[in-house]
Each structure stands twice: as C-alpha cells, then as structure tokens.
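In: got a structure for you, letters missing:
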C-alpha cells in the first residue's frame, strides 16, 4: 500500500488489515512503501488465491484489531505458562499468517528464555498437528526414524529405511532438504528417485513396497513448524525442537519412533547429560502423544562415513546396501534399525538388521522403493554422476587425526557447490584416529 | 531477488548480502520473491542512494557472514550483561540496517525479559547519541521538557515552552507526531506553524526567539530510536524507554530536563511506586550523561484540558496562553515550567510561571515562535479551522463522572478523524468529578 493511503487509513507497517471482495474476506499484514502508487494494492499470492483476485478488481480495505494471540505472546514475554487453548490460538494465527515476523520472533525468543513446560510442549505439538493435514495408512504399526541432525554426511536414513522395510514393517519417511548443511535426506534421495510426491502417491508407494523416502516440504504436515523455523534460523535458537519433530511424526500417524541424538564436539548436543535430558523429554512427549519413542545417543563429533554432498552420499549409501560401506555407517545403521525392530517385538535386532543388510535384501528393498517413487532401480553407485574436477588435499606433515570440525567440513562442502549442484562435495580419506 | 537466483547463491530471506558497484559497497538484508524476474535486483531507496545507482546498472552481489552483533544479541537472550562496546556494535548495526526485524524483535524481547542494568542503559544511550547527529547551540544552559506520554489531550508543551522562553531561557523542543494517539505535540504545533525545520533553521529560530517547537523526525537525532520503536510498537513493549528519551535530549545538548510522568489508571504508569522507580532511573541516567534531570508525577487518569485532536488542542493551548484556559492545564503547565525555572536557579518557580502567563508575555513569546518558524503570528484561537459537523453526546442518566477511560477517548478521537484530518477530534464537556 502507498504511504499516503496508509497515512489516510491510519495504519502502520505490520498492522493488520481486512481485505474484502464480495463475500470473501481475508486478514493480512500490511507493508507500506513510498514508491507504491496511490489508490492501488499489491497482495501476496496467498491473498490472491484466497480472494480469487484478478488484476483490476476493486477491494475494500479496513484496519482490524490485533489478534488475541498477540496478548498471549505478551503473557509469555511476562513469563507466564500458557494454556493449551492459548497456544492453540497462537499456532492457528501463525498458520493463518495473522502474526508478523516481529511478533513471531518475539514469541520464540520468549519461549527460548523462559523455557516450556512439558504441558506446553504437548499443547504446542497437538496444535501444530491440527494446523495441517494428517496421513492415515491402513497399517496398525507405523515406524519412523529421526535424527536431530547437525552431523555432515549422515546418510543413515537411506540404509535404515530399506532394512526395516525388508524386515516386513511399514516406514513412511518424510525428510527435509538442506537449509544450512551440504545435504538433507531429501537431497540425498533425490539423487536416486523423485522425492516430491503427493499424499496419494505416497500412500500407493507404501501399500506397494512398505516404505518411502520423500520430501515433506509440500505435504502440509504440521506447516506451523516451517513458519517457526523461518524466524528461529536467523536467531540460531531452537525452542520448538521437540514439538517441531514430534508433530510431524504424529501427523504421519507414526506409532514407533527412534530418535538419533548425535553427541560430540561440533554436534548440536555436546554432552551426554544434555543428550540424556533431551532423550527423556522425547520419550515423555511420545507417551503423551500416544507414541512409543526410543532415543539412541550416537557419535556426533565427526561425519558418518566418508562422503559429504547429495550424490556422493547417495552413492555411499548404495555401496553400503551392496555390502561395501564404511564400518561406522554400517554400525550406526544396523544399530538404529535393530533398535526399531526390537521396539516392535523382534529379538536380537541389530543382528537381524545386519543379516538383512548382508543378504542383499535391504538393497533389493531400496531398489523397490526407488522404482515405486519413479526412479531407475538399476542404477549402480558408479552410475551416479559426480563432479568432474577434484583436488586432493594432502596434510603438510604426518601425525594422527585427533579431531574433525563438522562445521568446517560442512562449510567446505558448501563452498565446493553442495547442495546446489548435487554432484559436488567432499570425500574424506581419513577420519578421527587415522594416521596421515 | 528472484527465488531461483537466491537458491543458486545459497541465500535465504533475511540473509545478508554485499552489493558492489565499482568501489562502492553496501551490506543489506535480502528479500526473496518467486514473482521477481531472474537476473534482476530491486533495492531499497537507502541502497540506491548509497551506491548512487541508476536503472540498468550492473551490480556484484555476494553473501556475507552474519554480523558480530548477532552474537551479542544471542548473549542477551542467554541473560548476559553486555559491555558498552557490544551494545555500541548492536546500535551501529541497527542504524546501518544490518539487522533484520526478526533479530531486532528478538533483541528488544530479550531486553524486556532480562531487564537492563544502569550501565547498559547508559551505554545504550551513548551509543544512540553517537548513531546520529547532534546539535550545538551557542548557549550555556539548554532546557527541555519531556512527557513519557499516554494521556490524550496533553498540550502542556505548547504552554510550558513559551513561558520558559519568556523568562529568558533557551528551550529548543523537538517533538513527535502521533503514532497511535489522536495527536502528538508536532501535530498540535503544525496547526499554528510549520514544524518540519532543518537544523540550520532551528538554530536561527533559537538565536532569534530562544525557543522552538519542531518535529524531530527528520533531524536524524539518535535515529536508532525510531528503528527500535518500529519493532517495539507492535509488541507493546518499551524496554528502551530511558535510552530512547535521554539520547534525544543529549543529542540536543540539553543541560536541564524536566520529565513529566503521568500516573493513573489508563496511563502508561499506573502506580506511584512504579513512577518513583522510573523517576529515580531518569535522574541517575541524567547524572551519568551529565544532565540535570527532575521528574514530576502528574495526574494521568484523564485528559489534560478538554480538547482532543490537533487543531482543537492548539486552540485550547492558545486560549490558555491568552488567559482563558482550563484550570488543570494551567496548573500542570505552570507547575512544570516553574520546576524548570527553579532547576536553573530561580525562586518561587510556579508563581513566576503564573505571572508570565497572566501578563500575556507567554502569549507574546508564542507568537514570536510561530512567526520565527514561518507561521502566522496573528491567528486567534477562533481562526483555527475545526470540523464542520458535530454530535453532542448526552448521558442517558444523571450522576457523577467517577472515571474516564483514556484509551476509549483516544480511540473515539481517532475514529472521529484525528490526527489524519487535523481539525477533527473531541471536546469534553465534563471531567472526573463533574455532575452530568
């Protein structure tokens, strides 16, 4: 809106206005520009589609009161505990875009400073589930695996999912793309097959092969989460970690979830004590939401395997499924898969997982998943195209690798071009403890 | 920037980028739109003028690291006290527009929750003064008057300034326009004369008549303040009240300042205890900044005088200067003016102020100020054009006015058209204690 029109209406940037066309109305937050022509309005795409607008339509615009949820955000700033009803109102207004970035940032900052009680965490999780769509599969038991992240090169999901599915269980895995890392699970899987599936396509894949590895971004599962992340990311705070993760799992109808908590210098969680506290919270929140949750503390001080970058990691995962993977990746994958199997009643989980991997049944299952998602199941690791140019970095003197910086490697891999160019990244010749 | 270009560059909304044209460079925060054409950039007006850009210029763009000040904001979130150096870095980055609304909102929320020590308040004030321009008048003693606001119809400044100036003292008053109220002091004065003066014009007015009442918005005095207010206002929090006010006073070179703290139901400060705490903080901060500060607690539970709205209030102020004003406005004005006079060594301040008012010398001085600022000094109160249409609201039954809602009156006056249409507003026929 033009500055002159805004002054006439008595609205400021970030004030809320109602737009009306015939019987349709929508509340939105206003941006004011002195460059914008008087008597005209430009609208967000969401508003355009909600009002079914066309160029030249004449709109009614009027200022509206601040939403009630803003009062609840103020209560949180003052340090009060919020009721489920109030948290629900905040999440609803976040999803409806009735709260500005300023208000959202203030809310997550207040959550970060004052903390959240388990009642609040549960209420936030439930509100986030209600804020979007949910999936119902025709299976009693739905498994899932999640890592809180922070470790570059962690392609474990691409190995765990086919092992668990090969054992006869259902595991519909929705995953994310990289935001600040060199590769997310969705980026890795995309080197092997499409990952941007619609809900009905996912259901079909699951009923066909029992597993999928898809991108969750367009599924509208707990969409509030993505809106909170938008403001958490620039602040590097994460007060909604638990509800963010668990609301997505609940929306997928998961019954048994294993959470991987990497611990170590350079990981998100640096001490065992913190990790155990977080694990207890995951388990309690799971109980409250009717899910069985177990947590595994894993090595987080260095990358998993040797490859970093979408295609390089997909290649390493395929090699691992084919029996030629790095030891640490095999151990981590069979450990997580084994724990999941034990959660649903199997004995000697890790041993079983190892057998499924060694026998080639996991690779066979992965090929089925790739095919069901629309990829080429016959691609061998060496068929995946990686960058043409490379540089070998040699140590300037000999010694032992004492410590690896996750952050520096992630940064280097991104400088090399990952994840924008899928074939680019890093391969580690040595890991912690190795001689150079 | 277009979404495709942003993905290629690996930047997200609110990330910082550097723009370069020849040897000029500027760091700015990026907005991403899927509607924006690939290969093109749209820039803020500030960027355009900093880089001296023309349509069609070719720019270099590259991502830059997050500024250090973001780390200090995180420290504040964690509850740490910040050093003057760190607070200075934050204020500098605010003014340079290196921090996004999200980051700013998080900072003011953290300040609100954790509070600020007097050392931090002093450091913030000094940093805010350094962030903009300062004025130096050729006078040893510079008086000023400030109200923390919140009471509609408070036109006291328009009476205090001419009284003090008529007593022979220098009082360059910079004031603000209404944000959410029906009138700010600058809006009121604008009914009598121009208020948007340049610094050199202000100096001239002061050397001519010893006083001015101008709009401070375009003077670039402590500009960080306005940027903080942009995010504080939607959150209805005000953690920077003290440095905001006092940095403006310091930038004006004030040596003696009286602060009006209205107290009452419906005012910003509702209890005497809060008001006294605030007053002590004002006085201490003044000492630290080398200013003599006194605070006066005034009635804040109802409007001052009877008029609400820019022209109606200017009219009432002129009538008061002409000896026909409402009792409460006269008492408040002579009280504040009297205290200021006593701060600079006069005896029996209020009595003197009353004499200056009754003698017509204050009105004469006001006419000089109006003329010096470019207005018509001969305008009588009845010459000021107010709205043509009116409605008298009668009470539906008789009784006594026990209580007046500041908020409701401010809202009504704005609904009536103030301050957008300067001549519109309300006139109160009764005040607290009156019979209806």
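Out: Arrived safely, thanks for sending. All values derive from a computational prediction rather than experimental measurement.

In: low pLDDT regions in chain A?
Out: By pLDDT under 70, chain A has no low-scoring segment.

In: middle-most residue in it, spatially?
Out: residue A:176 (4.3 Å; C-alpha atoms, centre = their mean).

In: these two touch, right, that residue and residue A:213?
Out: No - the pair residue A:176 / residue A:213 is not scored as a contact, 11.5 Å apart, by C-beta atoms under 8 Å. The way it works is simple: take the backbone N, C-alpha and C, and place the C-beta from them, glycine included.

In: so for these two, which residues contact both of them?
Out: A:185-186 (C-beta atoms under 8 Å, 6 or more residues apart in numbering or on different chains).

In: for the residue nearest to the centre of chain A, grab phi and psi.
Out: Here the main-chain torsion angles of residue A:176 (degrees, to the nearest 10) amount to phi -120, psi 170.

In: quick one: it from chain B, how far?
Out: Using C-beta to the nearest C-beta, to the nearest Å, we find residue A:176 at a distance of 14 Å from chain B.

In: contacting residues for that residue?
Out: Residue A:176 sits in contact with A:184-186, A:215-217, where contact means C-beta under 8 Å, 6+ apart.

In: now neighbour count, secondary structure and distance to chain B too, for the residues you listed, in JSON lines please.
Out: Listed next are those as JSON lines, based on neighbours: other C-beta atoms under 10 Å in any protein chain shown; DSSP: H, G, I helix; E, B strand; the rest coil; distance: C-beta to the nearest C-beta, whole Å:
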{"residue": "A:184", "neighbour count": "22", "secondary structure": "coil", "distance to chain B": "14"}
{"residue": "A:185", "neighbour count": "29", "secondary structure": "helix", "distance to chain B": "18"}
{"residue": "A:186", "neighbour count": "23", "secondary structure": "helix", "distance to chain B": "14"}
{"residue": "A:215", "neighbour count": "20", "secondary structure": "strand", "distance to chain B": "15"}
{"residue": "A:216", "neighbour count": "22", "secondary structure": "coil", "distance to chain B": "18"}
{"residue": "A:217", "neighbour count": "17", "secondary structure": "coil", "distance to chain B": "13"}
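
In: those: which two are farthest apart?
Out: Pairwise distances across the contacts of residue A:176 peak at 11.8 Å for A:185 and A:217 (criterion: C-beta to C-beta).

In: roughly how far out does the helix or strand where residue A:335 lies sit from the chain middle?
Out: Assigned by DSSP states H and E, residue A:335 belongs to helix A:327-343. Chain-centre distance of helix A:327-343: 21 Å, with C-alpha atoms, centre = their mean, to the nearest Å.

In: can you give me the angle the following helix or strand past that helix makes with helix A:327-343?
Out: Counting by DSSP H and E, the element after helix A:327-343 in chain order, helix or strand, is helix A:349-358. Per axes from the mean of the first three to the mean of the last three C-alpha atoms, to 10 degrees, the angle that helix A:349-358 makes with helix A:327-343 is 120 degrees.

In: go through helix A:349-358 and flag the buried ones.
Out: Of the residues in helix A:349-358, A:349-350, A:352-354, A:356-357 count as buried by neighbour count, 16 or more other C-beta atoms under 10 Å in any protein chain shown.

In: taking the stretch 301-436 of chain A, what residue is nearest to chain B?
Out: residue A:420 (6.0 Å; C-beta to the nearest C-beta).

In: A helix includes that residue, no?
Out: No - counting by DSSP: H, G, I helix; E, B strand; the rest coil, one finds residue A:420 to be coil, located in no helix.

In: from what I can see it touches residue B:7, true?
Out: Yes - contact criterion C-beta under 8 Å: residue A:420 and residue B:7 qualify, at 6.8 Å.

In: disregarding residues adjacent in the polypeptide, which is nearest to residue A:354?
Out: residue A:334 (4.8 Å; C-beta to C-beta, 6 or more residues apart in numbering or on different chains).

In: and the one you found, how far is that from residue A:171?
Out: 15 Å (C-beta to C-beta, to the nearest Å).

In: then residue A:335?
Out: 16 Å.

In: who has more neighbours, the two?
Out: residue A:171 (27 against 20; other C-beta atoms under 10 Å in any protein chain shown).

In: contact partners for that one?
Out: Contacts of residue A:171 (C-beta under 8 Å, 6+ apart): A:142-145, A:161, A:164-165, A:210-211, A:340.

In: if we use 7 Å, what do you get?
Out: A:143-144, A:161, A:164-165, A:211 (C-beta atoms under 7 Å, 6 or more residues apart in numbering or on different chains).

In: and if you look at residue A:237?
Out: A:108, A:112, B:77.

In: could you grab the helix/strand/coil label for it?
Out: Secondary structure of residue A:237, per three-state DSSP, is coil.

In: for it, give its distance to residue B:110.
Out: On the measure of C-beta to C-beta, residue A:237 and residue B:110 end up 10 Å apart.

In: identify the contacts common to those two.
Out: What both residue A:237 and residue B:110 touch, as defined by C-beta under 7 Å, 6+ apart, is the set residue B:77.

In: out of the contacts of residue A:237, who's the most crowded?
Out: residue A:108 (24 neighbours).

In: within the helices and strands, which one has it?
Out: helix A:101-114.

In: next, the angle helix B:101-114 makes with that helix.
Out: Interaxial angle, helix A:101-114 versus helix B:101-114 (the same axes, to 10 degrees): 40 degrees.

In: okay, now the domains of chain A?
Out: Annotated domains of chain A cover A:3-63, A:68-115, A:143-216+A:246-383 [automatic domain parsing].

In: starting at the chain centroid, how far to the shortest one?
Out: So that's domain A:68-115. Per C-alpha atoms, centre = their mean, the centroid offset for domain A:68-115 relative to its chain is 22 Å.

In: span of that domain from start to end?
Out: Domain A:68-115 has an end-to-end distance of 22 Å (criterion: C-alpha to C-alpha, to the nearest Å).

In: ok, now which ones touch residue A:268?
Out: A:148-150.

In: hmm, back to that, between the contacts of residue A:176, which is nearest residue A:296?
Out: residue A:185 (17.0 Å).

In: what about residue A:51, how many residues nearby?
Out: By other C-beta under 10 Å, the residues close to residue A:51 number 19.

In: close enough to count as contact, it and residue A:21?
Out: Yes - applying C-beta atoms under 7 Å, one finds residue A:51 in contact with residue A:21, separated by 4.8 Å.

In: which bits of the stretch 1-150 of chain A sit near chain B?
Out: A:7-8, A:10, A:14, A:74, A:77, A:100-103, A:105-106, A:109-110, A:112-113 (C-beta under 7 Å from any C-beta of the partner chain).

In: ok, and the most crowded of those?
Out: residue A:106 (33 neighbours).

In: mind giving me the packing neighbours of the host helix or strand of residue A:227?
Out: Applying DSSP H and E as the criterion places residue A:227 in helix A:224-235. Counting contacts by 3 or more C-beta pairs under 7 Å, 6 or more residues apart in numbering or on different chains; DSSP states H and E, helix A:224-235 packs against helix A:84-95, helix A:101-114, helix A:241-251, helix B:101-114.

In: would you list these in TSV and tack on distance to residue A:268?
Out: Converted to TSV, the helices and strands packed on helix A:224-235 look like this (distance: least, C-beta to C-beta, whole Å):
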stretch	distance to residue A:268
helix A:84-95	24
helix A:101-114	15
helix A:241-251	9
helix B:101-114	20
